[in-house]
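K.L.:
Here's my sequence, what's the structure:
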Amino acid sequence: MRKLKFDLQVDPTALLAANPEAFYSAAYLTSDVPNNFRTLPGVKYQTKLGTVVFGNVLQSSTCAWPTPGSTDDLSAVLIDVCAVSAMAQICQFDLEQSFVSLQMTKGSNSDFSVASFMNFYWETMAKTVAQDIESIRWQGDTTSLNPTLALCDGYEKKLTAAVGPGGVINGGTGTISNFTALETAISTAFAALPASVASKTEDLRIYLPTQLVNIYRLGVASGNTNAYITQDLSLTYLGIKIVQCQGMSNNTFVITLKDNLIYAFDAEGDSSDLRAVNLRDTVAEPYIRTRADMKIGFHFVNPTEIVFYS
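P.N.:
Residues are numbered from 1 along each chain as shown. All right, here's what the predicted structure looks like:
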């Protein structure tokens, strides 16, 4: 019987590799994003989103075409994205003084790529990117002094600029400090919606910042002792889903159909652009440097179907 011996050597750089699909899924899309926004993947620079507004489609049956003819309108909304990069680096000496040190090869000049640590590293980095994108989604402003928020314009800036006749509906303004004030603000804003939109409760969303969600939870729970003590309250208002938006400004909320808020990003082909480099092998510096290039963009359509309280 012939006896075979196999020797498997793993390239040290393999320990640095992330699961690109898992990383970009966690960075671009948290679990609730596809259910609460209209997502447009694969946008690298610009794209046009086609829209058709039909006029009076149903007419009385006659042989002649009605006058003045069709009132249908075909148009397109330009969707663009902002190029951003997630970049980080970590020093070997920092690792040697952390919980990872016990897993590192003995010797000060050995390779310091620890597989279990890199899994933790990529997972934490993806969550951080997702949190930053959530903040940019709402508060992004290219004129901001905050370097993260300055990367791209978000919904709040764009909705504010569009409030007015024929545009986004002004739902009110002011500080909300208690449940009574919140209930009044939401009911007033909801009443401002066109009836054709307000009736679509399945697709309608109320987007609230964490501050207002906490006020809402406490206010509703105060009338239900069992829920107040033991149960997590489902976030709904008149059967409409309430979406908690951690990146949204305090005392601000939006009511609209979920497909009216657009989130564009570029996820196609990003698996080949996920970089992790051990600089010890190139420039003799004890760093692991990581980089992920991404595209994000935030837009809206049908402004007359959006109520914005600010």
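K.L.:
Going by C-alpha atoms from here, please, whenever you check contacts or count neighbours.
P.N.:
Noted.
K.L.:
For beta bridges, what are the partners of Thr290?
P.N.:
Ala88, Ala276 (DSSP bridges).
K.L.:
from memory it sits against Ser85, does it?
P.N.:
No - if you go by CA atoms under 8 Å, Thr290 and Ser85 don't touch, sitting 10.2 Å apart.
K.L.:
more neighbours, these two?
P.N.:
Under the criterion of other CA atoms under 10 Å, the comparison of Thr290 against Ser85 puts Thr290 first, with 18 against 12.
K.L.:
I'd like the distance between the more buried one and Cys91.
P.N.:
With distances taken as CA to CA, to the nearest Å, Thr290 is found 12 Å from Cys91.
K.L.:
who touches both of these two?
P.N.:
When contacts are counted by CA atoms under 8 Å, 6 or more residues apart in numbering, the set common to Thr290 and Cys91 is empty.
K.L.:
partner residues bridging the closest residue to Asp203 other than its chain neighbours?
P.N.:
Nearest residue to Asp203 in three dimensions, chain neighbours excluded: Leu257, at 5.5 Å (CA to CA, 6 or more residues apart in numbering). Counting by DSSP bridges, Leu257 is bridged to Leu204.
K.L.:
Count the residues that sit near Leu257.
P.N.:
For Leu257, the number of neighbouring residues by other CA under 10 Å comes to 22.
K.L.:
list the contacts for it?
P.N.:
Contacts here follow CA under 8 Å, 6+ apart; on that basis Leu257 touches Val197, Lys200, Asp203, Leu204, Arg205, Glu305, Ile306.
K.L.:
which of the residues you listed lies closest to Cys152?
P.N.:
The closest of these to Cys152 turns out to be Ile306 (CA to CA; 21.2 Å).
K.L.:
if I pick that closest one, what's in contact with it?
P.N.:
Each residue near Ile306 by CA under 8 Å, 6+ apart is listed here: Val168, Ile169, Leu193, Val254, Ile255, Thr256, Leu257, Asn260.
K.L.:
Measure how buried Leu145 is and give me the count.
P.N.:
By other CA under 10 Å, the residues close to Leu145 number 9.
K.L.:
swap in Val301?
P.N.:
What Val301 shows, counting by other CA under 10 Å, is a neighbour count of 16.
K.L.:
now the residue nearest to it when sequence neighbours are not counted: how far from Arg38?
P.N.:
In space, and not counting its chain neighbours, Val301 is closest to Asn260: 5.1 Å by CA to CA, 6+ apart. Counting by CA to CA, the gap between Asn260 and Arg38 amounts to 7 Å.
K.L.:
do the same with Ala86
P.N.:
Ala86 sits 24 Å away from Arg38, going by CA to CA.
K.L.:
give me the low-pLDDT residue ranges for the protein?
P.N.:
Within the chain, the stretches falling below the threshold (pLDDT under 70) are 1-31, 48-58, 60, 65-76, 92-117, 223-233, 267-284.
K.L.:
neighbouring contacts of the strand or helix carrying Arg217?
P.N.:
Under DSSP states H and E, the secondary-structure element containing Arg217 is helix 210-221. Here helix 210-221 makes contact (CA under 8 Å, 6+ apart) with 176-179, 182, 227-228, 233, 235, 244-246, 248, 250-251.
K.L.:
before we move on, back to that, pretty sure the residue nearest to Val301 sits against Phe300.
P.N.:
Yes - with contact defined as CA under 8 Å, Asn260 counts as touching Phe300 (5.4 Å).
K.L.:
Quick check: Met294 touching Val84?
P.N.:
Yes - the pair Met294 and Val84 passes the contact test of CA under 8 Å, sitting 5.3 Å apart.
K.L.:
Do a quick rundown of the helices in the stretch 201-310 of the chain.
P.N.:
With DSSP state H, counting those that start in this stretch, the ranges of helices along the stretch 201-310 of the chain come out as 210-221, 225-229.
K.L.:
Pick the most buried one from those helices.
P.N.:
helix 210-221 (a mean of 18; mean count of other CA atoms under 10 Å).
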